[in-house]
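1. Requesting a structural model of the entry that follows:
(one chain, ligands or ions: 1)
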Amino acid sequence: MSKDNNKLTTSWGAPVGDNQNSMTAGARGPTLIQDVHLLEKLAHFNRERVPERVVHAKGAGAHGYFEVTNDLSKYTKASFLAEVGKRTSMFIRFSTVAGELGSADTVRDPRGFAVKFYTEEGNYDLVGNNTPVFFIRDAIKFPDFIHTQKRHPQTHLKNPNAVWDFWSLSPESLHQVTILMSDRGIPATFRHMHGFGSHTFKWVNHEGQAVWVKYHFKTEQGVHNLDVNLAAKLASENPDYHTEDLFNAIADGDFPAWKLCVQIMPLEDANTYRFDPFDVTKVWSQKDYPLIELGRMVLDRNPENYFAEVEQATFSPGSFVPGIEASPDKMLQGRLFAYGDAHRYRVGANHNTLPINRPLAEVNNNQRDGQMRSDSNGGGSVYYEPNSYDGATESAADKPAAFAVSGLADSVAYDHSDHYTQPGDLYRLLSEEERARLVVNIVGAISPVEKDEIKIRQIGHWYKADPEFGSRIAAALGLPVREDA
Ligand code: HEM
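-> As a prediction, this is how the structure comes out:
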């Protein structure tokens, strides 16, 4: 558009004569309701905010591509993984979990690692974290857990009493809490951390044979973490430090990359493995199931507009493509519902038609209408099925693989309650300097808790993970070790 034609317009496209002065009755007179441009401008401004994400509100995003570097098509029929060299566009959003939209980037918190692959068979979303495990393993505990991470209903302050009360009463959290309190709890930047799908998923090949799979994104920038004092300084001086770092790196052509690897478990091993492989508080041993390279992800383009692309992005662990399916993991099963529901509330019923969420693949369903329908709404095409008018038809070959289900319907706890071996192994893997920092971080975080009973209960968990670990924390807090606490 030439400069001459670059006229400011109203929201209905008419030229605006004056955008500096409201229309008034006389120079000093009251403002006239007749100034419809003013009315529209103020009314639209009032609606600029959509609800922030109930978790993972603060984040940064980038576009990029995924390239297959190793042919694993004998395990999955997913077409975007079909051959070496195949490239798929993708979008990623990194985030912190507990803070609000304007909160500081350099806090101790897991980081979200949500990837959307725009494949020719539809969008595949992998909505993971920078940790391979999670705090809880049943979706029914998620709202309670998140309440403890958010603000107290009366004081509106963060509440360490609730945080440690919940964790100490939910010992399955110990593995993730130990990772969180370690150096990795505050990554140097979004570029310097690994990503994980965390859950177990199912891959199915063209013959209908299935395997269990876990995803690991390995940063090519190396893992670097922030010193706690520097993190605290940055939180006040540059709360958007990670957001800025990602944007600037990409703008400077320093494109961050990750290698994507998978662990593959034969289907039948799930029945005999030494713990439930669908338990998201556990990692699979890499000795049992080594990492196998799959591809490489490169981030090479910044968003043009933060709200349109990052804030309105909607990722769902339920967005699968043929060849990739859910596992019986009870957390994943709950997430299959939670995200679509959040998106309809936060962005709207037609969130999938927005440019950032719209698949490159043609969408050919019979959903019509609803608020903010901004595409052609299916035009005059057939809008129901079955029909005699050449409408879209289902394709039996793309059905998820059938699987056997048995057992009594009941609310049943996991049959495996060893919450201690894996966090203990993690502690024993650390150098003495890393152990010392871990203990200092824990002591700093748990000290403000009012009740000794809560601290002693939590110390007991660390003691069971490794006696030295628990004893060091107890000594630093001046409290006893009580294994039975
Ligand atoms: C965001 C629910 C567990 C990673 C969200 C959102 C909800 C939610 C409602 C906001 C979605 C939106 O407004 O767009 C749950 C529930 C869980 C659960 C109910 C357990 C049952 C997990 C786990 C992980 C995870 C285990 C990682 C392994 C994320 C990420 C985001 C997110 C990365 C941000 C996505 C984005 O960038 O838009 N979660 N979550 N969540 N969750 Fe979860």
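
2. what's the neighbour count on whatever residue of the stretch 151-300 of the chain ends up closest to the ligand?
-> Relative to the ligand, the nearest point of the stretch 151-300 of the chain is residue 198 (3.5 Å; Cβ to the nearest ligand atom). Bear in mind the C-beta positions are built from the backbone N, C-alpha and C, glycine included. Residues contacting residue 198 under the criterion other Cβ atoms under 10 Å number 28.

3. Who are the contact partners of it?
-> With contacts defined as Cβ atoms under 8 Å, 6 or more residues apart in numbering, residue 198 is in contact with 128-129, 131-134, 214, 280.

4. List only buried entries from those residues.
-> Taking 16 or more other Cβ atoms under 10 Å as the criterion, what is buried in the contacts of residue 198 is 128-129, 131-134, 214, 280.

5. so residue 311 touches residue 50, yeah?
-> Yes. Using Cβ atoms under 8 Å, residue 311 is in contact with residue 50, at 7.1 Å.

6. neighbour-wise, which of those two wins?
-> Between residue 311 and residue 50, residue 311 has the larger neighbour count (other Cβ under 10 Å), namely 21 against 13.

7. so how far is residue 433 from the more buried one?
-> Noted for residue 311: a distance of 40 Å to residue 433, by Cβ to Cβ, to the nearest Å.

8. hang on, the earlier thing: want to throw the contacts of residue 198 into TSV with distance to residue 318?
-> Listed next are the contacts of residue 198 as TSV, based on distance: Cβ to Cβ, whole Å:
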residue	distance to residue 318
128	14
129	17
131	21
132	21
133	21
134	17
214	18
280	16
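
9. can you put those residues in CSV and add distance to residue 326 and secondary structure?
-> Shown next, in CSV, are those (distance: Cβ to Cβ, whole Å; DSSP: H, G, I helix; E, B strand; the rest coil):
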residue, distance to residue 326, secondary structure
128, 14, strand
129, 18, strand
131, 20, coil
132, 18, coil
133, 18, coil
134, 16, coil
214, 14, strand
280, 13, coil
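
10. Kindly identify which of those residues also come near the ligand.
-> 128-129, 134, 280 (Cβ under 6 Å from any ligand atom).

11. which SS state does residue 259 fall under?
-> strand (DSSP: H, G, I helix; E, B strand; the rest coil).

12. Name the spans of this protein whose pLDDT lies under the cut-off.
-> Scanning the chain for pLDDT under 70 picks out 1-4.

13. Would you quantify the distance from the residue of the stretch 151-300 of the chain closest to the ligand to residue 214?
-> Separation of residue 198 from residue 214 (Cβ to Cβ): 8 Å.

14. what sits in contact with each of these two?
-> residue 132.

15. which SS state does residue 364 fall under?
-> Put simply, residue 364 is coil when judged by three-state DSSP.

16. Ramachandran coordinates for it?
-> Here is the backbone geometry of residue 364 (degrees, to the nearest 10): phi -130, psi 70.

17. which SSE is the residue of the stretch 151-300 of the chain closest to the ligand in?
-> Taking DSSP states H and E as the definition, one finds residue 198 inside no helix or strand.

18. Please report how far the nearest residue to it once chain neighbours are set aside lies from residue 435.
-> If the residues on either side of it in the chain are set aside, residue 198 comes closest to residue 128, at 5.1 Å by Cβ to Cβ, 6 or more residues apart in numbering. Relative to residue 435, residue 128 is positioned 27 Å away (Cβ to Cβ).

19. number of nearby residues for residue 187?
-> Close neighbours of residue 187, defined as other Cβ under 10 Å, add up to 25.

20. beta partners of it?
-> In this entry, residue 187 is beta-bridged to residue 225, by DSSP bridges.

21. wait, doesn't it sit right on residue 222?
-> No. Counting by Cβ under 8 Å, residue 222 is not a contact partner of residue 187; they are 11.2 Å apart.

22. Report the beta-bridge partners for the residue nearest the centre of the chain.
-> Centroid-nearest residue in the chain: residue 112, 3.9 Å away (criterion: Cα atoms, centre = their mean). For residue 112, the beta-bridge assignment (DSSP bridges) gives partners residue 95, residue 129.

23. so who does it touch?
-> 56, 59, 93-97, 127-130.

24. The ligand versus that one, what's the distance?
-> Using Cβ to the nearest ligand atom, to the nearest Å, one obtains 3 Å as the distance from residue 112 to the ligand.

25. Just give me how far stretch 163-170 sits from the chain centre.
-> Computed by Cα atoms, centre = their mean, to the nearest Å, the chain-centroid distance of stretch 163-170 equals 23 Å.

26. Now look at that stretch and say if it contacts the ligand.
-> No. Under the criterion of Cβ under 6 Å from any ligand atom, the ligand is not reached by stretch 163-170; the shortest gap measures 13.3 Å.

27. Residues contacting that stretch, please?
-> Counting by Cβ under 8 Å, 6+ apart, 135-136, 141, 144-145, 148-149, 173-174, 177, 446, 449, 451, 454-455, 457-458, 461 sit against stretch 163-170.

28. Sort out for me which of those residues are in helices.
-> 144-145, 148-149, 174, 177, 446, 454-455, 457-458, 461 (DSSP state H).

29. which element is residue 218 on?
-> strand 210-219.

30. Enumerate the residues of this protein near the ligand.
-> Near the ligand, when you scan the chain using Cβ under 6 Å from any ligand atom, you find 53-56, 59, 93, 95, 112, 114, 127-129, 134, 139, 142, 198, 280, 313-315, 331, 334-335, 338-339, 342-343, 346.

31. Now which of those would you call buried?
-> Buried by 16+ other Cβ under 10 Å: 53, 55-56, 59, 93, 95, 112, 114, 127-129, 134, 139, 142, 198, 280, 313-315, 331, 335, 338-339, 342-343, 346, out of the residues of the chain next to the ligand.

32. Narrow the residues you listed to those in strands?
-> 59, 93, 95, 112, 114, 127-129 (DSSP state E).

33. Which of these sits closest to residue 364?
-> Nearest to residue 364 out of those is residue 127 (Cβ to Cβ; 24.7 Å).

34. wait, the closest one sits on residue 335?
-> Yes. Between residue 127 and residue 335 there is a contact at 7.5 Å, judged by Cβ under 8 Å.

35. Now for these two: what residues contact both?
-> Here residue 127 and residue 335 have residue 317 as joint contacts, going by Cβ under 8 Å, 6+ apart.
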